[in-house]
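K.L.:
Sequence below, structure please.
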Amino acid sequence: MSFDTVIWDLGGVLVDWSPSYVYDDGYFSDPADRDYFFGQICTSDWNERQDAGYPLQLATEEKLSEFPDPRWRQPILDFYGRWTEMLRGPMPETVTLFDQLRLKGRHRFYALTNWSAETFPIAQERFDFLAWFNGILVSGEEGTRKPFPEFYQLLFDRYQIQPARALFIDDNLRNVKAAEAMGLTGIHFTSAADLQKEFLLRGLL
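P.N.:
Numbers count the residues shown, from 1 in each chain. I've put the predicted structure just below:
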């Protein structure tokens, strides 16, 4: 069966976002502090809770209470206080591939993104290509996120997507496996060059 729909992840695929843009280059004088900060304080799991709709200010206040040592105060405040610095820009090679597909006019395009509803409007203002999608599901607006099945199902139901005819692209293998369990054909994104090969192999380009 041929594909009529392409579902994109955003961060790490089309958008260059990383906390390293704030916390690298000498932010921590001791590398062990950096490891502890991301391993025990502002963890990926903690950030994903906000991606699913938890308020940023409340999350920050709770984290400050949990780690009252003064040395962690500014790093905790900076996670969302300097969030815009983590949003570096589009990933141009991948956006170019998206544009090539779009101009062929043979597919519908959707984004399924783990992203806070409070910060997503910043991306919408910055990135014109977000207007190319037929629809975008933002986890923070829906109160759920990848890899939970209900998030994928919500996309299917809202936009009448047949999973067997849809291609799903994500840089997180966990999310790709969850998508495949829902009947989608998954591509684990590693680079634009590899993605182009996948598109050519599947006859999209």
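K.L.:
Just the helices from this protein, written as ranges.
P.N.:
Assignment of helices within the chain using DSSP state H yields the ranges 20-23, 31-36, 44-51, 56-66, 73-81, 83-86, 92-104, 120-126, 139-142, 149-159, 173-181, 192-201.
K.L.:
Which elements pack onto the longest one?
P.N.:
Under the contact criterion of 3 or more CB pairs under 8 Å, 6 or more residues apart in numbering; DSSP states H and E, the helices and strands touching helix 92-104 comprise strand 108-113, helix 192-201. All C-beta spots, glycine's among them, are computed from the backbone N, C-alpha and C.
K.L.:
among these, which is the most enclosed?
P.N.:
strand 108-113 (a mean of 22; mean count of other CB atoms under 10 Å).
K.L.:
I'd like the distance from it to the chain centre, please.
P.N.:
The chain centre lies 11 Å from the centre of strand 108-113; the measure is CA atoms, centre = their mean, to the nearest Å.
K.L.:
Pick the most buried one from the helices of the chain.
P.N.:
helix 139-142 (a mean of 19).
K.L.:
how near is residue 151 to residue 30?
P.N.:
Residue 151 is 38 Å from residue 30, where distance means CB to CB, to the nearest Å.
K.L.:
my bad, should have said residue 196
P.N.:
41 Å.
K.L.:
Check residue 42 too.
P.N.:
Taking CB to CB, one finds residue 42 at 17 Å from residue 30.
K.L.:
And residue 106, by the same measure?
P.N.:
Taken as CB to CB, the span from residue 106 to residue 30 is 53 Å.
K.L.:
Quick check on these two: which one has the bigger neighbour count.
P.N.:
residue 106 (13 against 9; other CB atoms under 10 Å).
K.L.:
Tell me how far that one lies from residue 204.
P.N.:
8 Å.
K.L.:
This protein - how does it break down into domains?
P.N.:
5-16+88-201, 18-86 (automatic domain parsing).
K.L.:
before we move on, back to that, for the helices and strands packed on helix 92-104, could you give me CSV that also reports distance to residue 25 and mean pLDDT?
P.N.:
Below are the helices and strands packed on helix 92-104 laid out as CSV (distance: least, CB to CB, whole Å; pLDDT from 0 to 100):
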stretch, distance to residue 25, mean pLDDT
strand 108-113, 27, 98
helix 192-201, 25, 96
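K.L.:
could you dump these to CSV with distance to residue 52?
P.N.:
What follows is these, written out as CSV (distance: least, CB to CB, whole Å):
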stretch, distance to residue 52
strand 108-113, 12
helix 192-201, 27
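K.L.:
Tell me which of those approaches residue 46 most closely.
P.N.:
Set against residue 46 and scored by CB to CB, these come closest in strand 108-113, at 17.9 Å.
K.L.:
Low-confidence ranges, this protein, go.
P.N.:
1 (pLDDT under 70).
K.L.:
So for it, the centremost residue is which one?
P.N.:
Residue closest to the average C-alpha location in the chain (CA atoms, centre = their mean): residue 11, at 3.5 Å.
K.L.:
can you pull the contacts of that one?
P.N.:
For residue 11, the contact set (CB atoms under 8 Å, 6 or more residues apart in numbering) comprises 17, 113-115, 171.
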